[in-house]
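# Here you go, sequence then predicted model.
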Amino acid sequence: MPTEGRLPSELAGAPFSARVAPDHTVTVVRLSGELDMATEQKVAHVVDEVLATRPDVVRFDLSDLRFCDARGLAALLTARHRLQSAHRRLVLTGVPAPVRRLLAVTGLQDRLEVG
């Protein structure tokens, strides 16, 4: 289910989208576009939606993410923290090479589970 239609109006115009697909075992969130200061609040909105689902595992598919900066990484860390607080596990999949490098350079590859 795309989240674009339910985003608050101030979040609707940024070059980012998320599709949430709840399942019985894993909730998949496919992020696409740019994850940065202009779009980090959209991730928080998506996490709100995901917290209403039942599965213990949430998979963020980043294969369509074109850009991610430090604020984008912070948004992913915040998502991980919020999901862990709700006894959920966050797994990143389809992580593009530039994002993998950013995780390695910042030392965050050990804090964010990449599957």
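Looks like it came in fine.
# what about the longest strand in this protein?
strand 57-68 (DSSP state E).
# so how far is the longest helix anywhere in the chain from its chain's centroid?
Longest helix in the chain, counting residues (DSSP state H): helix 70-85. Averaging C-alpha positions (Cα atoms, centre = their mean, to the nearest Å) puts helix 70-85 8 Å from its chain's average.
# Going by neighbour count, list what's buried in that helix.
72-73, 75-76, 79-80, 82-83 (16 or more other Cβ atoms under 10 Å). (Glycine included, C-beta is placed from N, CA and C.)
# Which of those sits closest to Val105?
Leu73 (10.2 Å; Cβ to Cβ).
# if we can go back for a sec, report the strands that pair with the longest strand of the chain, each with its relative direction.
Strand 57-68 sits in its sheet next to strand 26-35 (parallel), strand 89-93 (parallel), going by DSSP bridges.
# could I get the ones you listed as a markdown table with distance to Asp56?
A markdown table is the format used below for these (distance: least, Cβ to Cβ, whole Å):
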| stretch | distance to Asp56 |
| --- | --- |
| strand 26-35 | 9 |
| strand 89-93 | 6 |
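# of all the ones you listed, which gets the most neighbours per residue?
strand 26-35 (a mean of 20; mean count of other Cβ atoms under 10 Å).
# neighbouring contacts of that strand?
Contact with strand 26-35 is made by 14-21, 39, 43, 46, 50, 53, 55, 57-69, 71-72, 75-76, as judged by Cβ atoms under 8 Å, 6 or more residues apart in numbering.
# Swap in 6 Å and give it another go.
Strand 26-35 is contacted from outside by 15-21, 46, 50, 53, 55, 57-62, 64-68, 72, using Cβ atoms under 6 Å, 6 or more residues apart in numbering.
# Give me the buried entries from those.
Buried, going by 16+ other Cβ under 10 Å: 16-20, 46, 50, 53, 55, 57-62, 65, 68, 72, out of those.
# between the longest strand of the chain and helix 70-85, how many degrees?
The directions of strand 57-68 and helix 70-85 differ by 170 degrees, with axes from the mean of the first three to the mean of the last three Cα atoms, to 10 degrees as the criterion.
# and the longest helix of the chain, what other elements does it pack with?
Identification of packing neighbours for helix 70-85 by 3 or more Cβ pairs under 6 Å, 6 or more residues apart in numbering; DSSP states H and E yields helix 40-50.
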